[in-house]
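Visitor: structural data only, the sequence is not supplied:
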C-alpha cells in the first residue's frame, strides 16, 4: 500500500456509456511531482496547463476525465481545463496551481465541464486508499482492462511503495512520451532527481512500445512522491532500489498497454542485436515493430521473414544483407540472410501460434541491442478505428 | 503506338495459379536506358544486376517474372538473375549485358530459373507491338487490374509516343523509388538527360503515393528510349513536350497504383498548403497520408479531423495550432484549429462517402504546398496480408 495517497473513479456522464469517466488522485500532503508529455506539436489544453504548473515541482492532486480529449478546443479548452482544476482545488482547500489535469478521448469537442463540476462531491466521497482500481477504470477509453500495479521494496528495515496506473489502446508509438500513466510513491524525492529517474524509466518502457504508430495529443506520465514512507532518494541505496523498481514497473505497465492494444491478439518482442550503435538498434527495432506488413503477417501466423528483412532494409541503417540471422523464439529461420528451409519454417510457424513470442534479429555489425514491444495488426483494429466515433 | 518496341506476357508456371507470370519488352534497336531503384538497403538480386548494367546507358530487352522476388537468395539468386538475362540475350543474339531483369513476388525462395529458361521460346513467339497489355498482366502480384497507358505527342508535324506500365498493390511508400514500372518511348535521348527527366517525374508521381508505408526490396522504374520516331530530346520543344507528357503519365500510373492498392475502397488526395517550405509540406502530407488512424477513419467514412491534426502534429514541423484549416473537398470542417460544427460535419461525411475526395490542410505559415495520394485502410488489407503467402 502506497502511504498517504487516495484515489477514486466514478461515472459522471461524459461518456455515452455507463462506464467510469472521471478520476482523481490526491496526496495527503504536498507531493514532489515530475512529468513527461507528448512530443506532438498539437498539445491538448490540459497538457499545456500541466507543463506550466509542473515547473513548481509540487502538487496535491490530479483530476482526469475520459471520453473527451479537450484538444483543439481553442481558448475555451484552456478555460475548461483551468475550471476542472479549480473545482478540485476549492474542494481540497488548496491553491489551484497545486492541481494537475488530464483528459483523454475524442479530439475537438467542447469539454462538458459543468458535468465534471457537478460530480465533484460524489468524486470526493469516493476517495479511498483502495480507490486506485476505480481510478484506473475511469481513465480507460478503448482499453479492455484496467492497468494497475503496486510494488513494495524494503531497504534497511524500512519500506517504500509505488502504485502505477496506465491507459493506452491506440495512438501509441515510441519516441513520444506515451499515453496516460500515473505513478504514486511514498518515497521522499527532489523534483529534479524524480524527473531524471522518470525520464530514464520512460525511455526504457513507454518509449519502447508501438501499437499503431500514431501519437496522441494528450500523452502524459506523472509521478507523485509524497515522502510519507520516511525513505528518501537522497539515500543511495534507496535511490538504487527505487530506480530498479520504477523501471521494472513501467516496463510491465508498457507491456500491459500493448497486450490490451486495439484488436491485439499477439504480443511480440522485437529484439535487434549485433548493431553497431544503440541508436541503430532502436531504429531497426522500431521500423520492424511498426511495419503494417510485418504486423499483418503476425496476425496471419505467417513466418513471412521477407517482410522483416524488407522493414530492416528501410530503417536507415547500413546493413550487410549476407550477415542477418532471424529467430522466432529459439528457432533460427534465417541464417546469413538465407532461409533455413521448410522444416525450420514449420517450427517457426508453431512459435507464431503462441500468444506471445520473441523475434530476434542479429545483424552482426557490433555489440549493441534494443527491444521494441509490438503486437499484431488485426481485422478488429480496423473495425475499432473505423467505428470509434460512431 | 510506340514504334520499334515489342512486348509479351505468358504463363510460365512460376505462380501457383494459371495467371501470367513471365514478361518481356524488346526494342528493335539498342535503346537508351535510365532507371530509378529502391532505396531499401536490402536489394533483390535483379535490382543489383540492373544497377550495374544500366551504367552503360543502353539496353535491348527487359525480362520480368512475377511470383518470386529473387530477394534474400544469396549468391544463387545473382546467378539465377544472370541466367534469366542470358537466356534472353542468347535468343536475341545480343550481349548478355544488354538485357535487364526484374522479379516481383515472395521474398526468400529460390527462383525457378529452369522454368523461365524452358519457356523462352514461347515468350519470344508471343512478342508483338500489341503485347504490352499481356506484359502488364504478367508482372501483377496482388494487383487486381493491369496498368498500362499510352500517349502520342505531335511536335512540328512529327510525333513521338510513350507506353507506360506499372504494378503496385502493396509495400508502397514515397521517398523510395517505387514498385515496378517500365516506360518505352520512341524519342531519341541521351542517357543523362533521360535519367534526369525520369528522376524528376518519379519525384512528382511514384514518390508521392502511399499504400501501407512499407517499401519493397525490388522497386524499379526503367525507361527505354529507342529513337525510332526521328524526334530527339536535343530539340528544346521536343524535350519540353516530353517532360510534360512523362510527368502526366507517371502521375496517372501512380494514381492507378493507389486505386488498385490492397483492399482499397477510397482514393484520397492529401494536400497541404500554406507551408513555409516544400520539405515541410511534403513531411506533413506524408505523415497524414501514412497514418493508420487517419486511413481507418477514411474506411469508416468518419470525418475524424482530430486524427488528421494528431498526425500533422507529429510530422516534425513547427505548427501554429490556432491557424489550421481543414477541408473535405470544398467543405471547411476546421477553421483556425476549431471545429466548424455539426452541420459542416454532416457535409464532410457526405464527401467521405465518395470513392475519391481531397483533404486540404492549410497551415497558414507560408506559400509552399505538397500533395500525397493515399487510400483508406480496410479490413480487406489485413485479410490480404494475413493470407498472402498461404
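Guide: Yep, that arrived. This structure is a prediction, so every number in the text was calculated from the model and none was measured. Numbers count the residues shown, from 1 in each chain, chains lettered A, B, ... in the order given.
Visitor: please point out which parts of stretch A:230-247 sit buried.
Guide: Residues of stretch A:230-247 classed as buried: A:231-233, A:235, A:238-239, A:241-243, A:245-247 (neighbour count, 16 or more other C-beta atoms under 10 Å in any protein chain shown). (Glycine included, C-beta is placed from N, CA and C.)
Visitor: any idea how far the residue in the stretch 51-200 of chain A positioned nearest to chain B lies from residue B:287?
Guide: Relative to chain B, the nearest point of the stretch 51-200 of chain A is residue A:107 (2.6 Å; C-beta to the nearest C-beta). According to C-beta to C-beta, to the nearest Å, residue A:107 stands 16 Å off from residue B:287.
Visitor: neighbour count for the two, which is higher?
Guide: Per other C-beta atoms under 10 Å in any protein chain shown, whichever of residue A:107 and residue B:287 has more neighbours is residue A:107, with 26 against 23.
Visitor: so which helix or strand takes in the residue of the stretch 51-200 of chain A closest to chain B?
Guide: Using DSSP states H and E, residue A:107 falls within no helix or strand.
Visitor: could you report the neighbour count for the residue lying closest to it once chain neighbours are set aside?
Guide: Distances taken as C-beta to C-beta, 6 or more residues apart in numbering or on different chains place residue B:306 nearest to residue A:107, at 2.6 Å, with adjacent residues excluded. The burial count assigned to residue B:306 is 24, neighbours taken as other C-beta under 10 Å.
Visitor: make sure residue B:306 is indeed in a strand.
Guide: No. Counting by DSSP: H, G, I helix; E, B strand; the rest coil, residue B:306 is not part of a strand but helix.
Visitor: pretty sure it is touching residue A:105, no?
Guide: No. If you go by C-beta atoms under 8 Å, residue B:306 and residue A:105 don't touch, sitting 9.8 Å apart.
Visitor: what sits in contact with each of these two?
Guide: residue A:69 (C-beta atoms under 8 Å, 6 or more residues apart in numbering or on different chains).
Visitor: which helix in chain A has the most residues?
Guide: Determined from DSSP state H, the single longest helix within chain A is helix A:236-259.
Visitor: which residues of the stretch 201-350 of chain A fall in helices?
Guide: Remark: helices assigned in the stretch 201-350 of chain A by DSSP state H, counting those that start in this stretch are A:236-259, A:278-290, A:292-299, A:305-313, A:342-352.
Visitor: and the fourth one, what does it pack against?
Guide: What that stands for is helix A:305-313. Here helix A:305-313 touches helix A:278-290, helix A:292-299, strand A:325-328, strand A:331-335, strand A:356-362, going by 3 or more C-beta pairs under 8 Å, 6 or more residues apart in numbering or on different chains; DSSP states H and E.
Visitor: deepest in the core, which of those is it.
Guide: Among the helices and strands packed on helix A:305-313, helix A:292-299 has the highest mean neighbour count (mean count of other C-beta atoms under 10 Å in any protein chain shown), at a mean of 26.
Visitor: so which other helices or strands are in contact with that one?
Guide: When contacts are defined as 3+ C-beta pairs under 8 Å, 6+ apart, helix A:292-299 packs onto helix A:305-313, strand A:368-375, helix B:379-387.
Visitor: taking helix A:379-387 as reference, get the angle to that helix.
Guide: Relative orientation of helix A:292-299 versus helix A:379-387 (axes from the mean of the first three to the mean of the last three C-alpha atoms, to 10 degrees): 120 degrees.
Visitor: so where's chain A shaky on pLDDT?
Guide: For chain A, residues meeting the criterion pLDDT under 70 lie at A:169-178, A:211-216, A:388-390.
Visitor: got the domain boundaries for it?
Guide: A:5-259, A:267-387 (automatic domain parsing).
Visitor: what about the last one, how long is it end to end?
Guide: What that stands for is domain A:267-387. In domain A:267-387, first residue to last residue: 24 Å (C-alpha to C-alpha, to the nearest Å).
Visitor: chain center to that domain, what's the gap?
Guide: Relative to its parent chain, domain A:267-387 has a centroid offset of 22 Å by C-alpha atoms, centre = their mean, to the nearest Å.
Visitor: nearest residue to residue A:375 in space, please, no chain neighbours.
Guide: Nearest residue to residue A:375, sequence neighbours excluded (C-beta to C-beta, 6+ apart): residue A:264, at 4.1 Å.
Visitor: so residue A:361 makes contact with residue A:284?
Guide: Yes. Using C-beta under 8 Å, residue A:361 is in contact with residue A:284, at 7.1 Å.
Visitor: who touches both of the two?
Guide: Common contact partners of residue A:361 and residue A:284 (C-beta under 8 Å, 6+ apart): A:272, A:312.
Visitor: returning to that earlier point: mind checking which of the helices and strands packed on helix A:292-299 is nearest residue A:140?
Guide: Checking these against residue A:140 by C-beta to C-beta gives strand A:368-375 as the closest, at 17.7 Å.
Visitor: relative to helix A:292-299, how tilted is the closest one?
Guide: Going by the same axes, to 10 degrees, strand A:368-375 is angled at 60 degrees with respect to helix A:292-299.
Visitor: and strand A:368-375, what does it pack against?
Guide: Going by 3+ C-beta pairs under 8 Å, 6+ apart, strand A:368-375 lies up against helix A:236-259, strand A:267-275, helix A:278-290, helix A:292-299.
Visitor: need the contact partners of that strand.
Guide: When contacts are defined by C-beta under 8 Å, 6+ apart, strand A:368-375 is touched by residues A:174, A:208-211, A:254-255, A:258-259, A:261, A:264-278, A:280-282, A:284-286, A:288-290, A:295, A:298.
Visitor: how about that strand: buried residues?
Guide: A:368-375.
Visitor: quick one: the strands in the stretch 1-150 of chain A?
Guide: Applying DSSP state E, counting those that start in this stretch to the stretch 1-150 of chain A gives strands spanning A:5-10, A:22-37, A:58-66, A:99-104, A:147-155.
Visitor: what residues does the stretch 1-150 of chain A have near chain B?
Guide: Within reach of chain B by C-beta under 8 Å from any C-beta of the partner chain, the stretch 1-150 of chain A has these residues: A:39-43, A:69, A:71-74, A:106-109.
Visitor: Throw together a PyMOL command that grabs the buried residues out of those residues.
Guide: Selecting only the buried entries of the residues of the stretch 1-150 of chain A next to chain B in PyMOL, with 16+ other C-beta under 10 Å as the criterion:
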select buried, chain A and resi 40+41+42+43+69+71+72+73+74+107+108+109
